[in-house]
Each structure stands twice: as structure tokens, then as C-alpha cells.
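A.B. asks: Requesting a structural model of the entry that follows:
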Amino acid sequence: MLDVLIWNKYSRVIKLLSQQLGISEEHALGIFYRSRVYKVLSDKDSLLITQPDRYIAEEVVLAMKG
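C.D. replies: Modelled structure (predicted):
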């Protein structure tokens with residue numbers, strides 16, 4: 001059950017990325033899964049998953065820029 005909730009969160013973040021960057025959801029998916037933020041989210045000890053979707057999407061964008 002937890003996996004489904006996490007996947008749903010990922011999909012919401014990807015949709016936000018798509019909207020923020022003005023790109024397709026498929027392109028946003030690739031950016032998300034290649035990001036440092038995704039690696040942190042994948043760590044079961046990380047609390048980043050508890051942050052709001054918009055915060056996580058913004059972290060991905062910031063990581064892309066810097």
C-alpha cells in the first residue's frame with residue numbers, strides 16, 4: 001500500500017514539473033527519475049517524501065539549475 005502512495009506522489013510531482021517547465025509529462029518523467037532529488041526520495045530513511053509535492057518539484061528544478 002505504501003508503494004502506491006509513493007508512486008502517486010511521484011506522479012503528482014512529475015505533473016507539477018511538466019507544468020512549471022512547460023514540457024511534456026514524458027519529458028518531466030525523465031528529468032525526475034534522473035534527478036538527485038529522486039535518489040534522495042528513494043532512500044527509505046529520507047524524510048523528503050513527507051514534504052509537499054510543490055516543494056519537491058521546486059527542488060528538482062533547483063537541482064537542474066545548479
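A.B. asks: Could you give the secondary structure assignment for I23?
C.D. replies: coil (DSSP: H, G, I helix; E, B strand; the rest coil).
A.B. asks: next one: D45
C.D. replies: Assignment for D45 (three-state DSSP): coil.
A.B. asks: any idea how far P52 is from it?
C.D. replies: Separation of D45 from P52 (CB to CB, to the nearest Å): 20 Å. No exception for glycine: its C-beta is placed from N, CA and C like everyone else's.
A.B. asks: and what of D3?
C.D. replies: For D3 relative to P52 (CB to CB), the value is 20 Å.
A.B. asks: Among these two, which residue is more densely surrounded?
C.D. replies: Between D3 and P52, counted using other CB atoms under 10 Å, the more crowded position is P52 (12 against 7).
A.B. asks: got the phi/psi numbers for that one?
C.D. replies: Per-residue torsions, P52: phi -60, psi 150 (degrees, to the nearest 10).
A.B. asks: which ones are touching it?
C.D. replies: Applying CB atoms under 8 Å, 6 or more residues apart in numbering to P52 gives no contacts.
A.B. asks: so which helix or strand takes in the residue most central in space within the chain?
C.D. replies: The centre of the chain sits closest to V13, judged by CA atoms, centre = their mean, with a distance of 4.5 Å. Taking DSSP states H and E as the definition, one finds V13 inside helix 2-21.
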